[in-house]
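**Q** no letters, just coordinates:
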């Protein structure tokens, strides 16, 4: 297995946190956003990792809370003329590629993703050129330009099945950008894979010794792990999967307590569906270490009420997602393949 060195995720400068609002300010902004959504024939789609307040607002206004694939599908199929995507930039780009006829707004275009930042299109394309005999499979957490360079785009909910299918056909894989997810898939499938060495700033911080210590305090707890986590964390999991798969596991497993190794924004949906169960954050610091993300994506935190209201009121270059048509056309090819493969999986 070969690799290429990329920027260490710890080098990324995190954005400032939004200023806290009073209860009255939050109520006023929620009311204003609801008015603006109706006035603009707009719908709010929010990722599971956004703050609970934003997820609740999306549900209250007829939008959706979902993983990146379902967000894109929902936006494509909804009758609204305008989509406001509460997530990170690549999610807005994907929504625009799938629905070029709609206006796609984001609370801020500065909401990045460390996997996207750590996979510059020019460098990744050069890496692909070094391995011309390999099928290029990229995670959805990438820019439109990286998607356009790929043969396949996948989400964590269907990556394992896709690579397994390609491997069964004798195809060798070039995987990017998350090394932990790629390593997990390689071990599960035995596929011939070379990896781009990216990582998520949230999942990369989970600590195995601290998780062992927490498990001793809660021996009855099941451990739920997103496969963007390090191998030592995955090894302790009772269930490994995407955001939607972990939510499903929290409903189906008999345990009353869960230790969850993914962004803590997911707790909103887990607790909503299982209000009598207890959910604990997997540790992101231990043995004297301190965390930077502390189990919550700093860029997801930028999707606040003030930013959503400003996007709906003003739109424009500060908030609107644009994808160059030819680039969108190229990126649509592997995205279409992903959607078709996912639909067949459901069947």
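**A** Nice, I can see it. Computed from a predicted model, the values in this text were never measured in an experiment.
**Q** now do the strands in the protein.
**A** Per DSSP state E, the chain carries strands over the ranges 3-4, 42-47, 64-66, 82-86, 103-105, 135-139, 152-154, 173-176, 193-196, 222-225, 239-240, 257-261, 278-281.
**Q** please name the nearest non-neighbouring residue to residue 36.
**A** Once flanking residues are discounted, residue 36 sits nearest to residue 312: 3.8 Å by C-beta to C-beta, 6 or more residues apart in numbering. In short, each C-beta sits where N, CA and C put it, glycine included.
**Q** tell me if I'm right that the one you found and residue 40 touch.
**A** Yes. The pair residue 312 / residue 40 is scored as a contact, 5.9 Å apart, by C-beta atoms under 8 Å.
**Q** the more surrounded of the two?
**A** Legend: neighbour count by other C-beta atoms under 10 Å for residue 312 and residue 40, higher for residue 312 (22 against 18).
**Q** which residues does the more buried one contact?
**A** Counting by C-beta atoms under 8 Å, 6 or more residues apart in numbering, residue 312 makes contact with 33, 36, 37, 40, 42, 84, 105.
**Q** and the strands of the chain, which is most packed in?
**A** Mean neighbours per residue, mean count of other C-beta atoms under 10 Å, is largest over the strands of the chain for strand 82-86, with a mean of 28.
**Q** pLDDT below threshold where in the chain?
**A** By pLDDT under 70, the weakly predicted segments of the chain are 1-11, 287-289.
**Q** what residues sit buried inside the lengthiest helix in it?
**A** Counting by DSSP state H, the longest helix found in the chain is helix 325-346. Residues of helix 325-346 classed as buried: 327, 328, 330, 331, 332, 334, 335, 337, 338, 339, 341, 342 (neighbour count, 16 or more other C-beta atoms under 10 Å).
**Q** how many other residues sit next to the nearest residue to residue 273 once chain neighbours are set aside?
**A** Among residues not flanking residue 273 along the chain, residue 251 sits closest, at 5.8 Å (C-beta to C-beta, 6+ apart). A total of 10 residues lie near residue 251 under the criterion other C-beta under 10 Å.
**Q** so residue 251 touches residue 272, yeah?
**A** No. Shown here, residue 251 and residue 272 do not form a contact pair, counting by C-beta under 8 Å, at 10.8 Å.
**Q** distance of residue 171 from residue 325?
**A** 30 Å (C-beta to C-beta, to the nearest Å).
**Q** go on, residue 82?
**A** Distance, residue 82 to residue 325, using C-beta to C-beta: 19 Å.
**Q** swap in residue 220?
**A** Residue 220 is 55 Å from residue 325, by C-beta to C-beta.
**Q** would you state the helices of the stretch 201-347 of the chain in chain order?
**A** Under the criterion DSSP state H, counting those that start in this stretch, the stretch 201-347 of the chain carries helices at the ranges 208-217, 231-234, 243-252, 267-273, 305-314, 325-346.
**Q** what's the closest of these to residue 153?
**A** Residue 153 lies closest to helix 325-346 among the helices of the stretch 201-347 of the chain, at 4.5 Å (C-beta to C-beta).
**Q** got the angle between the closest one and strand 135-139?
**A** Per axes from the mean of the first three to the mean of the last three C-alpha atoms, to 10 degrees, the angle that helix 325-346 makes with strand 135-139 is 90 degrees.
**Q** residue 176 reaches residue 138, doesn't it?
**A** Yes. With contact defined as C-beta under 8 Å, residue 176 reaches residue 138; the gap is 5.1 Å.
**Q** which residues do those two both contact?
**A** Contact criterion C-beta under 8 Å, 6+ apart; residues shared by residue 176 and residue 138: residue 146.
**Q** correct me, but residue 197 touches residue 180?
**A** No. Assessed by C-beta under 8 Å, residue 197 is found out of contact with residue 180, at 10.1 Å.
**Q** looking at those two, which is more packed in?
**A** Shown here are residue 197 and residue 180; by other C-beta under 10 Å, residue 180 has more neighbours (22 against 18).
**Q** find the residue closest to that one in space, skipping its chain neighbours.
**A** residue 228 (5.3 Å).
**Q** wait, what's in contact with that neighbour?
**A** For residue 228, the contacting residues are 156, 178, 180, 181, 199, 200, 202, 203, 204, 262, by C-beta under 8 Å, 6+ apart.
**Q** so it versus residue 119, what's the distance?
**A** In terms of C-beta to C-beta, residue 228 sits 14 Å off from residue 119.
**Q** repeat for residue 279
**A** Residue 279 sits 31 Å away from residue 119 when distances are taken as C-beta to C-beta.
**Q** if anything else comes up later, I'll come back, but that's it for now.
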